[in-house]
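[1] sequence first, predicted coordinates after that:
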Amino acid sequence: MVKFINVSKRYPNGVLALTNINLTIEKGEFVFLVGSSGAGKSTIVKLLLKEIDPTEGEIIVGEYKLTQLPKKEIPYYRRKIGIVFQDFRLLPNKTVYENVEFAMQITGAPAKIIRRQVPYVLSLVGLAHKAKCYPHELSGGEQQRVALARAIVNKPNLLVADEPTGNLDPDTSWEIMKLLEDINRRGTTVLVATHAKEIVDSMRKRVVAIDCGRIVKDQPKGVYSYESSDNQVLLQRRV
Amino acid sequence: MAAASISIVVAALTVVGIFIAIGINLEYISQQIEKTVDIRVILQKGQEEKAVVIEEYLRKNALVREFKYISPQMALQDLKNKLGKNSFLLEGLEKDNPLRGYFVVKPVKIEYTKELAEELESLDGVAQVYFPSETVDKLRRILKIINLFCILLILGLYIVAIFIIANTIKITLFARRREISIMRYIGATNRFISGPFVVEGFIIGILGSILAYAIVLLFYHYAIRYLSQTITFIDFVNISIYKYKILGVFILTGSMVGILGSLISLRRYLKA
């Protein structure tokens, strides 16, 4: 589903954000991308969104070779990916319903299908009753749920969440993670970039850890840590 | 904020409209002046038979656009008509008409006036030739230059209007850049995003042009009324016959200016 092949990224200002990233994510997986601030998580998300291009290497998402994707095609690629941001990024002048509807209007979906699909995803995230509210009338958790609804309304194969619980309290964070798990169970590949330690530790999904631009750990039912396994062995020996 | 930019567009287009009006009038006046330019060829007394020969000559002359012969009798009648009630003063003159026959000759182009006049002077039977001095020609030339200036000004103002709208749209784009970036993240094409902005530019253009049209029409109406009273010898163009055509032109150019303005800004902004 997603493949990073020898991907490196150096920003124009000289910062080397990623070095030699090799990562494969299969269809249907649930993957945590962990790392401290500045480690490279956001860069990976930006690369996936085709917001930036890698300095080296190739990125494959589904049937798209991102480095060869022409500019004109970028919007069409992005429609196939659901994206959820830390700051929700809802359109402030549109209601909950209109925000989700907008994502479908972009694709030129017929009104009949929109009228069925939008209420459906809104009820999936539990916000059908707030369809006519505006984002500023909702709590953080509710706004993020709308963002989730918007992200899945076009039935994407891949859902990318960049610090989805960053602005939320612990309880609401759990609600969001449960929703993500739900979405994943229905078949969508989910990638969550986060540094919410507790959540990662208790969910025991695949954990890919990044430190200083490199992948230092890739564990199937992992916990939140980004010391490389070598260091851990050393520490254990010391003790 | 849209009101501010519409006002500026209205101002610019009003000035455009005024200069168009000035331009049209200058052209019209220019043509009128051309029509009044003629050469009067006065025949010698008693030489009216020469008129036939001269007529033949005028018909063949390439510099002559048209000509007219006024016989002494016609001249007398003309004078009587002009005097109206006082025509009795001329009673009795039919037998001994002091007036002479003359030709009114119009040259093909005003530039040929002097040359033609000199030719006609040398004709047999011609007593005198009157033609307007060069000041008329100079006046015409000055009018032409002013007209050209008006056209340049009009073009310049249109460009100004386009840039005003482009700037307004630029500001709107900047104010809504967050929303635009969100739309791009979820996969909206540039065309989808720019649609509403083109419409906005279009509306500013149309509204501005309609208002400008109303102002210019009103202004022209009163200006012409005032000017016609003071400058009676010039006929000004009567705009009201073209009222709707001009409105159409205003709306067309206004909307084009609006669309062009927004497209310019959008192209720059969405290049990323």
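    Ah, there it is.
[2] hey, what's the closest residue to residue A:219 other than its chain neighbours bridged with?
    Nearest residue to residue A:219 in three dimensions, chain neighbours excluded: residue A:207, at 5.1 Å (CB to CB, 6 or more residues apart in numbering or on different chains). No exception for glycine: its C-beta is placed from N, CA and C like everyone else's. Applying DSSP bridges to residue A:207 gives these bridge partners: residue A:32, residue A:219.
[3] and what of residue A:58?
    If you apply DSSP bridges, the partners that residue A:58 bridges to are residue A:5.
[4] can you list the residues of chain A near chain B?
    A:49, A:75-80, A:83, A:85, A:89-93, A:102-103, A:106-107, A:150 (CB under 8 Å from any CB of the partner chain).
[5] wait, what's in contact with the residue nearest to residue A:219?
    The contact partners of residue A:207, by CB atoms under 8 Å, 6 or more residues apart in numbering or on different chains, come to A:31, A:32, A:34, A:200, A:217, A:218, A:219, A:222, A:223, A:224.
[6] repeat the analysis, applying 7 Å as the threshold.
    A:32, A:34, A:200, A:217, A:219, A:222, A:223, A:224 (CB atoms under 7 Å, 6 or more residues apart in numbering or on different chains).
[7] residue B:244: which of these is nearest?
    residue A:32 (69.5 Å; CB to CB).
[8] burial of the closest one, as a residue count?
    A count of nearby residues for residue A:32, using other CB atoms under 10 Å in any protein chain shown, gives 26.
[9] hmm, it is touching residue A:194, no?
    Yes: assessed by CB atoms under 7 Å, residue A:32 is found in contact with residue A:194 at 6.4 Å.
[10] what helices or strands is the helix or strand hosting residue A:143 leaning on?
    Under the criterion of DSSP states H and E, residue A:143 resides in helix A:140-152. Applying 3 or more CB pairs under 7 Å, 6 or more residues apart in numbering or on different chains; DSSP states H and E, we find helix A:140-152 packed against strand A:81-84, helix A:96-106, helix A:111-124, helix A:170-185.
[11] Serialize those to CSV and add fields for mean pLDDT and mean neighbour count.
    Converted to CSV, the helices and strands packed on helix A:140-152 look like this (pLDDT from 0 to 100; neighbours: other CB atoms under 10 Å in any protein chain shown):
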stretch, mean pLDDT, mean neighbour count
strand A:81-84, 93, 24
helix A:96-106, 94, 22
helix A:111-124, 94, 16
helix A:170-185, 91, 17
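[12] closest one to residue B:147 among the ones you listed?
    For the helices and strands packed on helix A:140-152, proximity to residue B:147 was assessed by CB to CB; helix A:96-106 is nearest, at 51.9 Å.
[13] send the alpha carbons of that closest one over as CSV?
    Below are the C-alpha coordinates for helix A:96-106, written out as CSV (Å, rounded to 0.1, in the frame of the first residue of the first chain):
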residue,chain,number,x,y,z
VAL,A,96,-20.6,20.4,10.0
TYR,A,97,-22.7,18.9,7.2
GLU,A,98,-21.3,21.3,4.6
ASN,A,99,-17.7,20.6,5.6
VAL,A,100,-18.1,16.9,5.0
GLU,A,101,-20.2,17.5,2.0
PHE,A,102,-17.5,19.8,0.5
ALA,A,103,-15.1,16.9,0.4
MET,A,104,-17.5,15.0,-1.8
GLN,A,105,-18.4,18.1,-4.0
ILE,A,106,-14.8,18.4,-4.9
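[14] export stretch A:191-201 as CSV, just CAs?
    C-alpha atoms of stretch A:191-201 as CSV (Å, rounded to 0.1, in the frame of the first residue of the first chain):
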residue,chain,number,x,y,z
LEU,A,191,-1.1,5.7,9.8
VAL,A,192,-1.0,7.8,12.9
ALA,A,193,1.9,10.2,13.6
THR,A,194,1.9,11.0,17.3
HIS,A,195,3.8,11.4,20.5
ALA,A,196,0.9,10.4,22.8
LYS,A,197,2.8,7.8,24.7
GLU,A,198,0.0,6.3,26.7
ILE,A,199,-2.2,5.7,23.7
VAL,A,200,0.6,4.0,21.7
ASP,A,201,1.5,1.8,24.6
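[15] flag every buried residue along that stretch.
    Buried residues in stretch A:191-201, counting neighbours by 16 or more other CB atoms under 10 Å in any protein chain shown, are found at A:191, A:192, A:193, A:194, A:195, A:196, A:199, A:200.
[16] in chain B, what residue is nearest chain A?
    Nearest to chain A, among the residues of chain B, is residue B:187, at 3.5 Å (CB to the nearest CB).
[17] for that residue, helix, strand, or coil?
    coil (DSSP: H, G, I helix; E, B strand; the rest coil).
[18] please tell me I have it right and it contacts residue A:79.
    Yes: with contact defined as CB under 7 Å, residue B:187 reaches residue A:79; the gap is 3.5 Å.
[19] which neighbours do the two share?
    In contact with both residue B:187 and residue A:79: residue A:106, using CB under 7 Å, 6+ apart.
[20] who has more neighbours out of those two?
    The neighbour count for residue B:187 versus residue A:79, taken as other CB under 10 Å, is higher for residue B:187 (22 against 18).
[21] next one: phi and psi at that one?
    phi 100, psi 30 (degrees, to the nearest 10).
[22] where along the stretch 1-150 of chain B do the helices fall?
    All helices of the stretch 1-150 of chain B, identified by DSSP state H, counting those that start in this stretch, fall at B:2-36, B:50-60, B:72-83, B:113-121, B:134-175.
[23] which of these sits closest to residue A:24?
    Distance to residue A:24, taken as CB to CB, is lowest for helix B:134-175 among the helices of the stretch 1-150 of chain B, at 40.1 Å.
[24] which secondary structure elements does that closest one sit against?
    Under the contact definition 3+ CB pairs under 7 Å, 6+ apart, helix B:134-175 sits against helix B:2-36, helix B:190-230, helix B:243-269.
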